[in-house]
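Peer 1: please work out how this folds:
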Amino acid sequence: MTVLPDDGLSLAAEFPDATHEQWQRLVEGVLRKSGKELSGAAAEDALSTLLEDGLGTRPLYTADDPAPDPGFPGFAPFVRGGRAEGSTAGGWDVRQRHAAVADGAVLGDLENGVTSLWLVAGDGGFPVARLPQVLDGVHLDLAAVVLDAGAQVEPAARELMRLYEERGVAADAARGNLGGDPLGHRARTGEAFGFAAVAELARRCADTYPGLRALTVDALPYHEAGGSAAQELGCSLATGVAYLRELTEAGLSVEQAAGQIEFRYAATADQFLTIAKLRAARRLWARVTEVCGAVAAQLQHAVTSPVMMSRRDPWVNMLRTTVATLAAGVGGADSVTVLPFDHALGLPDAFARRIARNTSSILVEESHLARVIDPAGGSWYVERLTDELAHAGWEFFQNIERAGGQAAALDSGHIGDALAATWAARSAKLAKRREPITGVSEFPHLAEAPVERAPAPPPPSGGLPRVRRDEAFEALRARSDAHLAATGARPRIFLATLGPAAAHTARATFAANLFQAGGIEPVTGDATAEAFRASGATEACLCSSDALYEEQAADAAGRLKSAGATRVFLAGRPGEYDAVDAYVFAGCDAVALLTTTLDRMGVS
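Peer 2: A predicted model of the protein is given here:
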């Protein structure tokens, strides 16, 4: 046995090291208590979690889980960061998004922590002609400007360059991105526009504006269409390769072409997947540029996911975006946009924008996340997940290239079909509440006051769909709201409890959450005819323990039906109880159950 120096902390030095096999035996014992007889690797697999893209998360990682050497920050393959200093100099770039600009909003953001602006002009934003007004008072030599103008990229870019010249901004002081993204526009709208104008803007930036880029590879359209992390990576790579081809054909060198592209990715509340995605994206782009003859670091803009934002209980979005921002910063994003918590409801108000920008400020200034470059690096889990995700993303990228490239794959429906299949599988998990949505499918609050916002400009449409995690439950809640407005009451269900609180509390709480997710108000009481009639409900759900169900479920269900219950559920595992019509249990299709229940209740 190795004798370690006495540092006062080696409390277990006299004990032998535990082995992986010993840990597995402990897991076997825990599983045995739940009725599962598994051993060795099978016991460990039982605790694993299946992810999208054929990936999985195991419960334990060790040094025996291999992953390629991630290298050092600022050096290929750039897994640990595109810059040697990372964000240690002052944190990441805090980039606020503006689509319809209220008076003073832009300057207010810049005066309170925002370091760059993401301006949506044209379709889905303000008119391009308003750009001078939007940037009135902004010091363009200090604040980077990123444009997002779709097919109007050329007039928007020329207007911004005119402002640089008019306000005397030195060419080497201009920073940001002109936002040319023909393929992203094609994905959003189904419409194509020529690359010639974008190539000309790239040439001008390369020759005259060293801090200004001309192109954005926006992966959000694929994420917002329901795509997985690997599909998002694959589409971004295919788009980036298409732009490299176009730019080099237009006369730029590979180095110049790569230097004109910025990548935009979604950051979700799945923090480890987001960290791994950003790290894998840099590795994959380094590989692409290496094959093209020049190794370049990927400039990354991370945006908190619109897909994860809920419309009900939107305050929870503050927590989601905080975790996503943390993941983006740890993953090495160069700039981060935190969407306001009310983004899904319309135009954000001043309070929402303040919370959004302060999220980054707290994580950088108070939590000190930027002090260390790649703080997740070296984690066996993160390194392994990064490697597996990189391979899955590369495989999807190769599939797109075999389909003729990004444009052809979009036009043929190859990409749309793949994203739709991924979303269909995820939707099934959401419907069964296997992927919970706090405040929506879990712990909903029917009495919450609605958060009202002015409508935002309608986003571009006509191409890939835009999905939201809450969409199925939102439709159910909207039906309940309409019923409340028309009748003065929500649809109700009676939770009929059997026995003492210790026997029924857990299942009554579970059933209440499930029915409230569909806008159905639970009324709890003893399983008596009098209590049911007083509830004002037309259907009931028995809640108790398995033992009491065996003794009382059949009689209780009969009493409830005699009192007028048109349907009786039972909260628990499906069984054979007389007069019980259906069962609610963990893993049941909640959306289907709630939909048919509202139909029976006459809630349109």
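
Peer 1: what's the burial count for the nearest residue to residue 519 once chain neighbours are set aside?
Peer 2: Leaving aside its sequence neighbours, residue 519 sits nearest to residue 480 (C-beta to C-beta, 6 or more residues apart in numbering; 2.4 Å). In short, each C-beta sits where N, CA and C put it, glycine included. Number of residues near residue 480 (other C-beta atoms under 10 Å) recorded here: 21.

Peer 1: contact partners for residue 480?
Peer 2: Residue 480 makes contact with 446, 490, 491, 518, 519, 520, 598, 603, according to C-beta atoms under 8 Å, 6 or more residues apart in numbering.

Peer 1: next up, phi/psi of the spatially most central residue of the chain, please.
Peer 2: The centroid of the chain falls nearest to residue 268 when counting by C-alpha atoms, centre = their mean (3.2 Å). When read as degrees, to the nearest 10, the backbone of residue 268 gives phi -110, psi 180.

Peer 1: tell me the confidence at it?
Peer 2: On pLDDT, residue 268 comes in at 98.

Peer 1: residue 41 too?
Peer 2: What the model reports as pLDDT for residue 41 is 89.

Peer 1: so is the closest residue to it other than its chain neighbours in a helix, a strand, or just coil?
Peer 2: Spatial nearest neighbour of residue 41, excluding adjacent residues (C-beta to C-beta, 6+ apart): residue 24 at 7.5 Å. Here residue 24 is recorded as helix under DSSP: H, G, I helix; E, B strand; the rest coil.

Peer 1: can you pull the contacts of residue 24?
Peer 2: Residue 24 is in contact with 39, 40, 41, 43, 44, counting by C-beta under 8 Å, 6+ apart.

Peer 1: that older thread, correct me, but the residue nearest to the centre of the chain touches residue 308?
Peer 2: Yes: counting by C-beta atoms under 8 Å, residue 268 does reach residue 308; the two are 5.6 Å apart.

Peer 1: overlap in contacts, those two.
Peer 2: Counting by C-beta under 8 Å, 6+ apart, the contacts common to residue 268 and residue 308 are residue 324.

Peer 1: one step back: shouldn't the residue nearest to residue 519 be within a strand?
Peer 2: No: checked against three-state DSSP, residue 480 lies outside a strand; its state is helix.

Peer 1: and it, how far from residue 486?
Peer 2: 11 Å (C-beta to C-beta, to the nearest Å).

Peer 1: same check, this time on residue 405
Peer 2: For residue 405, the distance to residue 486 equals 52 Å [C-beta to C-beta].

Peer 1: which of the two has more neighbours?
Peer 2: When residue 405 and residue 486 are compared on other C-beta under 10 Å, the one with more neighbours turns out to be residue 405, at 16 against 10.

Peer 1: packing partners of the helix or strand encompassing residue 159?
Peer 2: Here residue 159 sits within helix 153-166, counting by DSSP states H and E. Packing contacts for helix 153-166, counted by 3 or more C-beta pairs under 8 Å, 6 or more residues apart in numbering; DSSP states H and E, involve helix 131-134, strand 144-148, strand 176-180, helix 196-208.

Peer 1: out of the ones you listed, which one sits most buried?
Peer 2: Compared across those, strand 176-180 shows the largest average neighbour count, a mean of 28 (mean count of other C-beta atoms under 10 Å).

Peer 1: and the nearest residue to residue 260 once chain neighbours are set aside, what pLDDT?
Peer 2: With sequence-adjacent residues excluded and distances taken as C-beta to C-beta, 6+ apart, residue 260 is closest to residue 202, at 4.5 Å. pLDDT, residue 202: 98.

Peer 1: identify the residues contacting residue 202.
Peer 2: Contacts of residue 202 by C-beta under 8 Å, 6+ apart are 180, 214, 215, 247, 250, 252, 256, 257, 260.

Peer 1: ditto for residue 254
Peer 2: 244, 248, 289, 292, 293, 294 are the contacts of residue 254 under C-beta under 8 Å, 6+ apart.

Peer 1: and those residues, which of them are buried?
Peer 2: Neighbour-count burial within those applies to 244, 248, 289, 292; the criterion is 16 or more other C-beta atoms under 10 Å.

Peer 1: and whichever strand or helix holds the third one, what's buried?
Peer 2: In this structure, residue 289 sits in helix 271-292 according to DSSP H and E. When neighbours are counted by 16+ other C-beta under 10 Å, the buried residues of helix 271-292 are found to be 271-289, 292.

Peer 1: same question for stretch 540-558.
Peer 2: Using 16+ other C-beta under 10 Å as the test for burial, stretch 540-558 gives 540-545, 548-549, 552-553, 556-558.
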